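Chemist: would you be able to build a 3D model of this:
(4 chains, ligands or ions: 4)
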Amino acid sequence: KSIAILTPEEGTDYGWNQQGIDAAKAAAKAAGVEIVVAQGLGYGDVRPTLRELAADGASLLIAHASGYNTSAPEIAKETKVPVAIVDTPTGLEKGLVADYTLSGHEGAYLAGRLAAKMSRSKSVGIVVSGEPPSWNSQSAAFAQGVKAESPDVKVTYAVIGPAAYSDAAGGKRVTESVIASGADIIFGQGNGSSFGMLQAVETTKAGDGGKVYFIDVIGDKTPIDKGFLLSSVVWNIEPVYAAMIADLKADTFGTKSYSIGLKDDSVKLLKTAAIPDDVWAEIQALREDVISGKTKVDPVYDAAAVRALMTSVAQ
Amino acid sequence: MTGLFSEVFLSALLFGAVTAAIPLLLAGLGEQMSEKAGVLNIGIEGMMLAGAYLGFVGAFYSGSLWLGFLTGAGGGIAVALVMALLCVRIGLNQIVIGIALTLGLEGLTALLHHFQFSRSYPRLPAVDVTVIPLLSAIPVIGPALFRQHLIVYLAVALVFAMGYIYRRTQLGLNLQAAGDKPAALDVAGIDVVRTRTIAVLTTGALAGLGGAFLANVGAGLFIPFITNGAGFLGIVLAMLARGRPVWVLFGALLFGVCLSLTTAMQVAGINIPTDVIQMLPFLAVMVMLVLFGRRASLPAALGIPYERGAR
Amino acid sequence: MSVAKRDIVALEGVTKRFPGVVANDSVDLAIRPGEVHVLLGENGAGKSTLIGMLSGLQQPDEGRILVGGEPTTITSPRHALALGIGTVFQHMMLVPTLTVAENLLLGGPWWQRPKTEELEARVAEITRTLGITVKLHAKVSELSLGEQQQVEILRAMVRNSRLLILDESTSMLTPKGIDELGALMRRLVEQGLAIVFITHKLKEAAAFGDRISVLKLGRKVGEIPPERFRALGEQAIIGEIVELMFGKQKDDPEAAERAVRTIRAEAAPLLEVRDLGVAPTDDAPGLSSISFDIRPGELLGIAGIDGNGQKQLAEALAGQRATVGGSVRLQGAPIEALSVGERRQRGLRYLTDDRLGEGTVGTFPVSINFFLKQVGAAPFWRKGVEQRAEIDKRAAQLVREYDVRTPSLKTPVARLSGGNIQKVLLARELAEGAKVVIFNKPTYGLDLANTLASRQRIRDTAARGLAVLLISTDLEELLSMCDRIAVISNGSLVGTVENADDARTKIGRLMIGLAA
Amino acid sequence: MSIDIAPATSATALDATAAMATRRDIQHRLLMTLGPILAALIIAGCILLAVGVDPLAYYGFVLKRGLLSPLGIQQTLTRMAPLLFLAAGLIVAFRAGMWNLGGDGQFLLGAVTAAASAPVLVEVMPAWLALICSFVIAMVVAMIWSLVPALLRAYQGVNEIITTLMMTFLGTSLANVLVKLMFRDPGTTVPQTRTLPVEDRLPRLFDTTITSGLLLGLVAIITVHLVMTRTAFGLKLRIVGANPRAAIHAGLGVPKLTIAVFAISAGLAGLAGAVDILGVQGNVRADWNPAYGLAVIPVVFLARMNGFAAIGFVFLLSVLSIGGESAARRLGVPNHFTLVLVSIVLIVLALAEYIDHRYNQSRKA
Ligand SMILES: Nc1ncnc2c1ncn2[C@@H]1O[C@H](COP(=O)(O)OP(=O)(O)OP(=O)(O)O)[C@@H](O)[C@H]1O
Ligand SMILES: Nc1ncnc2c1ncn2[C@@H]1O[C@H](COP(=O)(O)OP(=O)(O)OP(=O)(O)O)[C@@H](O)[C@H]1O
Ligand SMILES: [Mg+2]
Ligand SMILES: [Mg+2]
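Modeler: Ligands and ions are numbered 1, 2, ... in the order given. Sure, this is the predicted structure:
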């Protein structure tokens, strides 16, 4: 028995790909099954790889990219090998297709609250390299969090540019502009370009001459941090994969969607030394509110809706 | 909302425009030199990538940005050497080799990055700027244009140096002859292959420098595919510029300004889909093409390998 | 040995092979100071190849070259220049986008600023003795071909060569220009230079030469040394050359009599041109109110110095160039609004002077080049599909009929020699349906035999009742063939003369701007 | 600009010995293709050794997964379909001397419009008719997209390398905008067009996973080859390509032919996009750009713009890309190595052609 995970980029990005691969490895190890990693496949056609992995005897194919959610179910039907896809809650099929729609919006909301508390200039920025749904929901939740904490804090939203996933220079340039517009905390989402954002934060001074902080998503960049990482909305996908394996064994695969959230710490805010303990305590309290349902955070996936939201919060 | 456009923000935008323009400028100037001499250098994207990678490696390990620029230029030259050997000396098809080099360098630099940096993602410290007294005190423009790294001023100076070379030196004459009528240059006693080789190597140096600037100053780090088509934009700028270096500068700046404009519009919260806004730089160049493209006459022997005495 | 010492350059047993041809076959040649050494031979005889080896463009496969008595390998054009060998090549070797001055300066050390002032002084000195004016600051592309040729000669002079090689350098010059060049060569050799002079015009050879060598199929077949040269008169020399080149059949082949034809004066003109105008462009003069008629069977010549609008006239008539006003009628029907193809359909044919540039597609086979202007027409294409058998049958027929010397029908046309390419063009333009034919410099660059054959074709064309417009810069050619000759100058026809005994003087007066 | 085009020798009759000569020629060409590929593999093998991977194992997987296993060869053949259409489009353009480097933009716009129209059309008409309509729409849209460079080149003489490159940048963005703003599937949060159901896509061949798009691609490229070499229209285009001045002199309507060339070339690129969507993908996602166009350009040159040779090279490219991915995964090399491999193969092939050419020349002398 083995499971396979397919990712668009190499699993060394301290982000989406790495979290997926690491989680799959952990889940497989826990369940005592073999794991096959197919990484760096790009965003093109992965049907050849899916078919080959199926033919090689994988009993679960995890198609870890929203770009794979058309091809993977098709191959599942063709080869009768179960697949897991992302961002497609409507695509469930018993025994064949399961969905895990991951959104760190709850965590992003907390990150927004944190940013608003910590911002000296009362201005924070969101820089993204593109507008896929999972990022949109986090951008929106972050902005909501900021406004919930303090309506006076300004939120600036900027998308880097065309095909900007690897545009590190663009990430740096746009982030610098956003900092110049007054922001002293940057909430950044991007693949390769997020390293450019990090670089901008490290080398640019805020309006008051102090440090600019960076809030990351999905992964934990602490190993490469130089003291500018304020936090990160870290995802832990392992419980999701573990549940899938369990469901597969229990023959209940494809009957439910998996997700991550604050409740089981599959989404959590990263605590760094830059966060004062009192602030952290407040955030932990807010976390409880979200878990208990006292505070409701609804995901917004649509890019236009996110932009509309940003415009309204900017006023 | 207009309060948003503070002086600091405006000058940051302009600063960003210049930073984005410099790699394009260097690539464009380089490509222009090759084209003048009759070589269509489609491999410039590969040269930039080599420059970006080696430039970063040099700067990172030595801690000196200048050494990084040097190794970056060296990387570009190394790729250009292959191109010169294959396309100038033995006359292989320039488009085939150019594209092959671009693909190869994309793969190679990504590979090297994977083995070397994909766990640590090293980044360079902030860039030292050279402040030009008085001028830098001008509001908005001053901090954007006159607080740049020395290499930026040098790149702009290069524009005028190139203009001087093309119009006022024997070398300029040689280059133009190599592109327009290589046989005439040959019988005048100047080696066409050598002239073109010099041009291609210069292109490599400039493209490599542009790549190094992109990695070291523009991004402060190297990641795979970092050039994102900058080399191809350089080709377009060079062709649009009709042999005049100043026009490469204008074109690169126009492009950079358009990029900053897209940021400005977003920060201003204008609710137009970002994908639409982001077509702006390309639209701007396309409009330039429609307006001025007609006069973009290219050298007569562009793309044709020269062989002495062939007919 | 002491004799060899006197040679500036000597070739010993030089052989040069190209794929499929032996261009030079153990050629011995001695070039002495104080002599104009004329090199003669048919097209493809190997003259330019010889020159190529002297100027460093090519290396001999066998044999050796002695420079000043020393065996020398001339490795590059630069080396040749350093040895004092200056060459004016058969094909234009100027950069069209640079100015004349810049072209003359080409070749200096690369780091230097071009030394324009120095050049200007030097040019002024040379042009004074030459009696020509050169527009130093004009772009080469703006000059006429004749002017460009002058620049090339000037360039060779500026270089202070010991040996000056002129490969068909008179082909674009006016008769006056040719005479001046002859006088100049004389002055130069008197100063101790050596000159190699290549021409297809035997009269020039006889008038300017001291020594003549004749090449045939790559071999040197004969030499007339100076002693003998001086002993013979012009006619005798020409007779001897012709014998060397062609064997003993013709006397003075160029002096062929003009066939007296009777053109019915009352016949309606086949071609009527009225007030035709063309706007000038950056690099070409315009045309203003050109009017003339040509009747069936008539041969109208257009004389004039090259670059005065001849090409524009031909292209405007063929429909390749936009006109500004005026009318063109063919058999009474207006054709000025028709396209190139439609005009051809009506019987208007244009034989271009630019054989490889626009007349043919060099990489395409000979067979296809015959039908370049009929692509898609039956029976060679049916429903748009190529009928190879038909094409080849007809092509083979044309090859035979027009005596095109080609290895095969499949040979790319650019591989043929100039004369044979010209035959392909002739065959194409004279094919069925022709009524009016425009010939633009039909014998430019052709050797004697080919020239005579082409002229005969043109005469035959007129004799068949077609109207012929013959554009040429060679006055002899026009005088030997035309019924009437019009003179074009600066884009307009300045006069037309009947080709009677006094035509030569009248045309000469018109050409230099006097009334006939 | 003009770039040396191989002499078009196809236009004359073949005599009796020609058939044999052709066979020898094919053998020779095969040798001149396989030899360099072997050399390229050795060079690339050194790089593999340098990063500690066994080259033989790597190539073993490439061969097995790209060529020899039934599954692998099916994938390879499926991948060829869009590449063949792109190559066909480039052959038309390059033979006519127009350097259409805008294939990727045209491809994407064709793909997007096919993806947008097909799912809607299948609901109102039979699937086969819907597919045909989508193909036509994709083709027409790509043709229209090429109009700007075509008109600029035909009537203003603007160099098409610049314009097509620019239009590719613009087309990529536009395709994105179309997916996100106009044709977005309302049923999903992921920005992509509606999906054409698998059963409505182009039928698969026999019992395999090979798309019938492969046959369409083969038909397209062979048709293009025959049109370019055997018809009056093709000859006219080749005249324009080989010597534009001769075309004017011969009375050909060069501007109209120019526009026709761009339309056909772009139309085929649009069809390439359509065949990929309607045959394999089923929809277009935002930011999707496989950039096939760039890799196909050198292939077409190496094939000397000959359709049959291009089929061979496209096959090679597909084997390398399908097999390379698999081998990379199995041996833990980043997938980027495939790019390096393709690059080396291209360069060595170009070099081999040069050596071959030289050898032929010296033999004749
Ligand atoms: N580079 C070359 N490649 C192949 N063949 C060549 C080359 N140069 C010259 N030849 C051949 O060598 C022969 C001699 O040509 P060459 O140009 O020397 O003749 P020529 O006497 O100068 O003729 P013309 O009077 O027309 O100028 C010709 O058959 C020609 O085709
Ligand atoms: N590139 C080439 N390769 C092979 N053969 C060539 C090549 N160029 C020319 N030739 C051969 O050289 C011969 C003469 O060519 P060349 O260009 O010298 O003509 P030319 O001197 O103008 O002759 P003419 O005008 O008498 O026909 C032709 O028969 C042709 O077969
Ligand atoms: Mg000659
Ligand atoms: Mg000749």
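Chemist: rest of the way, CA atoms for contacts and neighbours
Modeler: Fine.
Chemist: show me where chain B dips below the pLDDT cut-off.
Modeler: Residues of chain B that meet the criterion pLDDT under 70 lie in B:1-5, B:293-296, B:310-311.
Chemist: would you map the helices across it?
Modeler: In chain B, the helices defined using DSSP state H lie at B:7-36, B:44-62, B:65-83, B:94-117, B:141-145, B:150-168, B:170-180, B:182-187, B:192-213, B:230-240, B:245-267, B:274-277, B:280-292.
Chemist: now for the last one, which elements pack on it?
Modeler: Identification of packing neighbours for helix B:280-292 by 3 or more CA pairs under 8 Å, 6 or more residues apart in numbering or on different chains; DSSP states H and E yields helix B:245-267, helix D:160-177.
Chemist: buried set for the first one?
Modeler: In this case it means helix B:245-267. For helix B:245-267, the neighbour count (16 or more other CA atoms under 10 Å in any protein chain shown) marks B:245-249, B:251-264, B:266-267 as buried.
Chemist: OK, contacts around B:Val193?
Modeler: Residues in contact with B:Val193 (CA atoms under 8 Å, 6 or more residues apart in numbering or on different chains) are B:Val88, B:Arg89, B:Tyr306.
Chemist: okay if I get those as a markdown table plus distance to chain C?
Modeler: Formatted as a markdown table, these follow (distance: CA to the nearest CA, whole Å):
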| residue | distance to chain C |
| --- | --- |
| B:Val88 | 18 |
| B:Arg89 | 16 |
| B:Tyr306 | 13 |
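Chemist: neighbour-wise, give me the winner out of those.
Modeler: With neighbours taken as other CA atoms under 10 Å in any protein chain shown, the top of those is B:Val88, carrying 27 neighbours.
Chemist: tally up the residues packed near residue 224, please.
Modeler: Here I'm looking at chain A. Neighbour tally, A:Ile224, other CA under 10 Å: 14.
Chemist: wrong one, I was asking about chain C
Modeler: 18.
Chemist: ok, it touching C:Ala206?
Modeler: No. The pair C:Ile224 / C:Ala206 is not scored as a contact, 10.7 Å apart, by CA atoms under 8 Å.
Chemist: which strands and helices sit next to the strand or helix carrying C:Ala205?
Modeler: Element membership for C:Ala205 (DSSP states H and E) is helix C:202-208. The helices and strands touching helix C:202-208, judged by 3+ CA pairs under 8 Å, 6+ apart, are helix C:175-190, helix C:234-246.
Chemist: using CSV, lay out those helices together with mean neighbour count and mean pLDDT.
Modeler: Below are these laid out as CSV (neighbours: other CA atoms under 10 Å in any protein chain shown; pLDDT from 0 to 100):
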stretch, mean neighbour count, mean pLDDT
helix C:175-190, 17, 84
helix C:234-246, 18, 79
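Chemist: closest one to A:Asp278 among those?
Modeler: Nearest to A:Asp278 among the helices and strands packed on helix C:202-208 is helix C:175-190; the distance by CA to CA comes to 100.6 Å.
Chemist: re the thing from before, distance to A:Ala30 added to the helices of chain B, as a markdown table?
Modeler: Below are those laid out as a markdown table (distance: least, CA to CA, whole Å):
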| stretch | distance to A:Ala30 |
| --- | --- |
| helix B:7-36 | 48 |
| helix B:44-62 | 40 |
| helix B:65-83 | 46 |
| helix B:94-117 | 28 |
| helix B:141-145 | 55 |
| helix B:150-168 | 54 |
| helix B:170-180 | 67 |
| helix B:182-187 | 70 |
| helix B:192-213 | 45 |
| helix B:230-240 | 46 |
| helix B:245-267 | 46 |
| helix B:274-277 | 43 |
| helix B:280-292 | 51 |
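Chemist: is the closest residue in space to C:His137 that isn't next to it in sequence in a bridge, and if so with what?
Modeler: Residue nearest to C:His137 in three dimensions, not counting chain neighbours: C:Thr99, with 5.5 Å by CA to CA, 6 or more residues apart in numbering or on different chains. Judged by DSSP bridges, the bridge partners of C:Thr99 are C:Lys139.
Chemist: my guess is C:Thr99 contacts C:Glu142. True?
Modeler: No. Here C:Thr99 does not reach C:Glu142: they are 9.2 Å apart, not a contact under CA under 8 Å.
Chemist: model confidence over stretch C:403-420, on average?
Modeler: Across stretch C:403-420, pLDDT averages out at 84.
Chemist: wait, does it contact chain B?
Modeler: No. Stretch C:403-420 is not in contact with chain B by CA under 8 Å from any CA of the partner chain; minimum separation 8.6 Å.
Chemist: what about that stretch, start to end distance?
Modeler: End-to-end distance for stretch C:403-420, by CA to CA, to the nearest Å: 8 Å.
Chemist: do stretch C:425-438 as well
Modeler: 12 Å.
Chemist: what distance do you get for D:Ile210 to D:Ala274?
Modeler: The gap separating D:Ile210 from D:Ala274 is 16 Å, by CA to CA.
Chemist: and the two? which has more neighbours close in?
Modeler: Shown here are D:Ile210 and D:Ala274; by other CA under 10 Å, D:Ala274 has more neighbours (34 against 24).
Chemist: wait, a strand at the more buried one?
Modeler: No. Read with DSSP: H, G, I helix; E, B strand; the rest coil, D:Ala274 is helix and lies in no strand.
Chemist: list the residues that contact it.
Modeler: D:Ala274 sits in contact with D:Phe107, D:Gly110, D:Ala111, D:Val112, D:Thr113, D:Ala114, D:Ala115, D:Ser134, D:Phe135, D:Ala138, where contact means CA under 8 Å, 6+ apart.
Chemist: turn these into TSV, including pLDDT, secondary structure and neighbour count.
Modeler: Compiled in TSV, the contacts of D:Ala274 are given as follows (pLDDT from 0 to 100; DSSP: H, G, I helix; E, B strand; the rest coil; neighbours: other CA atoms under 10 Å in any protein chain shown):
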residue	pLDDT	secondary structure	neighbour count
D:Phe107	95	helix	36
D:Gly110	95	helix	36
D:Ala111	95	helix	33
D:Val112	95	helix	30
D:Thr113	94	helix	29
D:Ala114	94	helix	35
D:Ala115	93	helix	31
D:Ser134	94	helix	28
D:Phe135	94	helix	26
D:Ala138	95	helix	33
